[in-house]
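Undergrad: quick one, what's the 3D model for this:
(2 chains)
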Amino acid sequence: MSKPKFVYVTYIDTTPDKIWTAITDGEVTKEYWGRHTNASDWKVGSAWKHQDYDDPSKVDIVGKVVEVQPPHRLVVTWSSPEGAGDPARVSRVTYDIAPYQRMVRLTVTHEDLEPESDMLRGITFGWPVVLSSLKSYLETGKCLPGMAERGAIKRQ
Amino acid sequence: MRAVGRPHVDQVFKALADPSRRELLDRLHAEAGQTLGELCAGLRMTRQAVTKHLVLLEDANLVAGVRRGREKLHYLNPVPISEIYERWIGKFERHRLRALHELKKGLEEEKS
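TA: Purely as a prediction, here's the structure:
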């Protein structure tokens, strides 16, 4: 059996560039993603970290940049800092950004997740909230309630 | 005419207002990435009916289809439900609702 895979799709009334910036530029990311940023130079092979904007020493997710095609496709590996050395605990996230009608379709695919893991439970709760918040932020200038604050995405 | 582009919240509710379509979502929730053939197995619906329901679910963005060679794999996409949820449920209510939900689940498990 293949490892669990999740596909999340949202349609956003914006441009591909704005979605790309919202994912890769911490100054924007912090506004809707629980005051966290995705930090990297976004070059293939480079490291990336999902970290606290105010205290970058607090790192939740680490990985490597696998593929970069601004503003259409970004592929990264994804694991907890503790799990980074164990291939079984390293998953993979693909962001696909494509114009659709007059909107932009953002597809986030999360695969190679360890079955029954805390990471799997965390992301199934987290992605829909993060993507709803991103959509709201780009369309209205406001993220979801509470999502500009740290700790917003902790499973409740 | 089918509304294209932005799946309207009406489409989401309409898509959910049918037990067969909810059953398809339940099956995709239980096992992600099923083909049409796999989804049809064990269902008392014709292949044509399942196809029709899947189109409606995809239009409402509740199901995401991913092509793999000649096959199409179907995934439950919960993002529109999350948007509806967030629209009417405030951040403080979330904790209380979750606690209530856990309580209900716990009590019902005890009973059974």
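
Undergrad: helices or strands next to the strand or helix carrying B:Arg27 in the packing?
TA: Element membership of B:Arg27 [criterion: DSSP states H and E] is helix B:19-30. The contact analysis (3 or more CB pairs under 8 Å, 6 or more residues apart in numbering or on different chains; DSSP states H and E) places helix B:19-30 against helix B:9-16, helix B:36-40, helix B:47-59, strand B:63-68, strand B:71-76. For every residue, glycine as well, the C-beta is placed using N, CA and C.

Undergrad: now that helix: average pLDDT?
TA: Average pLDDT, helix B:19-30: 96.

Undergrad: before we move on, what about stretch B:58-74?
TA: Averaging pLDDT residue by residue across stretch B:58-74 gives 94.

Undergrad: which residues does that stretch contact?
TA: A:7-11, A:107, A:109, B:2-3, B:7, B:11-12, B:14-16, B:24-25, B:28, B:33-36, B:39, B:54, B:57, B:75-81 (CB atoms under 8 Å, 6 or more residues apart in numbering or on different chains).

Undergrad: kindly recompute the last result at 6 Å.
TA: Judged by CB atoms under 6 Å, 6 or more residues apart in numbering or on different chains, the contacts made with stretch B:58-74 from elsewhere in the structure are A:7, A:9, B:7, B:11-12, B:15, B:28, B:33-35, B:57, B:75, B:77, B:80.

Undergrad: I'd like to know how far the residue sitting nearest the centre point of chain A sits from B:Ala49.
TA: The central residue of chain A, meaning the one whose C-alpha is nearest the mean C-alpha position (CA atoms, centre = their mean), is A:Ile23 at 6.7 Å. Noted for A:Ile23: a distance of 39 Å to B:Ala49, by CB to CB, to the nearest Å.

Undergrad: thinking again about what came up before, SS state for the residue nearest to the centre of chain A?
TA: Look at A:Ile23: counting by DSSP: H, G, I helix; E, B strand; the rest coil, its state is helix.

Undergrad: got TSV for the helices and strands packed on helix B:19-30, with mean neighbour count too?
TA: Shown next, in TSV, are these (neighbours: other CB atoms under 10 Å in any protein chain shown):
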stretch	mean neighbour count
helix B:9-16	16
helix B:36-40	16
helix B:47-59	17
strand B:63-68	16
strand B:71-76	19
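
Undergrad: same list (those) but as JSON lines, adding distance to A:Tyr32.
TA: Formatted as JSON lines, the helices and strands packed on helix B:19-30 follow (distance: least, CB to CB, whole Å):
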{"stretch": "helix B:9-16", "distance to A:Tyr32": "20"}
{"stretch": "helix B:36-40", "distance to A:Tyr32": "34"}
{"stretch": "helix B:47-59", "distance to A:Tyr32": "26"}
{"stretch": "strand B:63-68", "distance to A:Tyr32": "22"}
{"stretch": "strand B:71-76", "distance to A:Tyr32": "23"}
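
Undergrad: right, and those - which one's nearest A:Met147?
TA: Each of these was scored for nearness to A:Met147 using CB to CB, and the closest is helix B:9-16 (20.0 Å).
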